[in-house]
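Participant: Curious how this folds, go ahead:
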Amino acid sequence: MNTVATLFRSVSVLLLAGLFVAGAFAAPAAFAEGANDDELEQRTPLEVNSDYLVEMSVIGEIRSPFMGDPPYRIAPDGTARALPGTGGITYNFRVGDSAVHLSGDHIEPAVSITNFDDSAQRALNTMASIGNTARVVSGDAKGAEGTVIGKHGGIENVMVEFPDEVYDDLVIGDRIQIRAIGMGMEVTNVEQVAARNLGPSLLEALNEHGMGVENGTLHVPVTHQIPAKIMGSGLGQSHVESGDYDIQMFDEEVVERYNLNELRFGDIVAIMDADQQHGRIYRTGAVSIGVVVHGNSRIAGHGPGVTTLLTSPEGNIEPYIDSDTNLRYLLNLR
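Facilitator: Now for the predicted structure:
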């Protein structure tokens, strides 16, 4: 019996050791999926200083795409390709479409507008908020209404989505005016959370989609959770009131682990360990929420761009996965 008992104990120890080792090297646990009805009922919609927000016009025109000479985009491995880039009217890659699987570099979805006066251009990109209403005020499409879906840093373009039937009437040079509202937004019913570039219509849509405050924490639905360690171009700015910063897609293991090949224009995503209250920095425990605004890139340090919407330096945002959290569905676009 003693021999049998000793053998039994030896096998048990080996089994436990095997389980421990397997656990140590196992893949990270899957992120929480969705929220049930009971959880949603316990949440209070995010509240802001809505009555104090100023609505003001800013204007831009559809800009032509432009190209360098030579036209190549050089990847970190040294290979070069000539690809379409920013600007213009993009007919077939728009909100809800893939931001990764396309033969382009820094593609801006839908319609790209700018203002060629420097100070007016800064006002356009800074004051316009995601979800704002835009209206064509010149050309054959005059009177058509669209929605702001992105803000691209460096080039300072603003991207606007329109209904399908409008695109054939749009022409480069057409002027588009935006009813800009959202700048100056302050969160009032949860601590340590700041809003940036968030239009009231998108705020309302996110609240209806499940975002809300529970036990002093803001719960936000997102399509992806992304580690701040792979964020690139756009770091070092002193503010996040305009533009974006990029998700680097060069590490295949990280791309697979976080399902980044499925990123779409308009996806609401969480950047983990990222503080974006004033500029973009790495801070352990901080959480920021943004929207994917431009497409992937071959250039080192670049990739799909993200414009900030919400941020908590203290990590008082808890994101959860909901694959439908995209501007296309939130704002009923297309």
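Participant: Once you drop chain neighbours, what's closest to T79?
Facilitator: For T79, the nearest residue in space outside its immediate sequence neighbours is R298; the separation is 7.9 Å by C-beta to C-beta, 6 or more residues apart in numbering. (Each C-beta comes from the backbone N, C-alpha and C, glycine too.)
Participant: Which parts of the stretch 51-200 of the chain are strands?
Facilitator: Counting by DSSP state E, counting those that start in this stretch, the segments of the stretch 51-200 of the chain that form strands are 56-62, 72-74, 80-82, 89-90, 110-114, 133-136, 145-152, 157-161, 175-180, 194-195.
Participant: repeat for the stretch 201-334 of the chain
Facilitator: In the stretch 201-334 of the chain, the segments counted as strands under DSSP E, counting those that start in this stretch are 212-214, 217-222, 224-227, 245-246, 268-275, 281-294, 305-312, 317-321.
Participant: List the contacts of N296.
Facilitator: Shown here is N296, whose contacts under the criterion C-beta atoms under 8 Å, 6 or more residues apart in numbering are 99-100, 102, 105, 249, 303-304.
Participant: Dump the residues you listed into JSON lines; add neighbour count as well.
Facilitator: Rendered in JSON lines, the data for the contacts of N296 read as follows (neighbours: other C-beta atoms under 10 Å):
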{"residue": "A99", "neighbour count": "25"}
{"residue": "V100", "neighbour count": "18"}
{"residue": "L102", "neighbour count": "18"}
{"residue": "D105", "neighbour count": "21"}
{"residue": "M249", "neighbour count": "20"}
{"residue": "G303", "neighbour count": "28"}
{"residue": "P304", "neighbour count": "27"}
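Participant: most tightly surrounded among the strands of the stretch 51-200 of the chain?
Facilitator: Of all these, strand 157-161 has the most neighbours on average by mean count of other C-beta atoms under 10 Å, namely a mean of 28.
Participant: Show me what it is packed against.
Facilitator: Packing contacts for strand 157-161, counted by 3 or more C-beta pairs under 8 Å, 6 or more residues apart in numbering; DSSP states H and E, involve strand 110-114, helix 118-127, strand 145-152, strand 175-180.
Participant: what number of residues lie near the closest residue to H278 other than its chain neighbours?
Facilitator: Nearest in space to H278, with sequence neighbours left out and distances taken as C-beta to C-beta, 6+ apart, is H239 at 6.2 Å. Applying other C-beta atoms under 10 Å, we find 14 residues neighbouring H239.
Participant: Just read off the phi/psi values of H239.
Facilitator: Comment: the main-chain dihedrals of H239 come out as phi -160, psi 170, following degrees, to the nearest 10.
Participant: That one reaches R280, doesn't it?
Facilitator: No. With contact defined as C-beta atoms under 8 Å, H239 and R280 do not form a contacting pair (9.3 Å).
Participant: Determine the residues that are contacts of both of the two.
Facilitator: With contacts defined as C-beta under 8 Å, 6+ apart, no residue is shared by H239 and R280.
Participant: Can you list the low-confidence ranges for the stretch 1-150 of the chain?
Facilitator: Across the stretch 1-150 of the chain, the ranges flagged by pLDDT under 70 are 1-39.
Participant: picking that back up, redo the strands of the stretch 51-200 of the chain as a markdown table? Include distance to T44.
Facilitator: Putting those into a markdown table (distance: least, C-beta to C-beta, whole Å) gives the following:
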| stretch | distance to T44 |
| --- | --- |
| strand 56-62 | 30 |
| strand 72-74 | 46 |
| strand 80-82 | 50 |
| strand 89-90 | 39 |
| strand 110-114 | 34 |
| strand 133-136 | 27 |
| strand 145-152 | 27 |
| strand 157-161 | 30 |
| strand 175-180 | 28 |
| strand 194-195 | 16 |
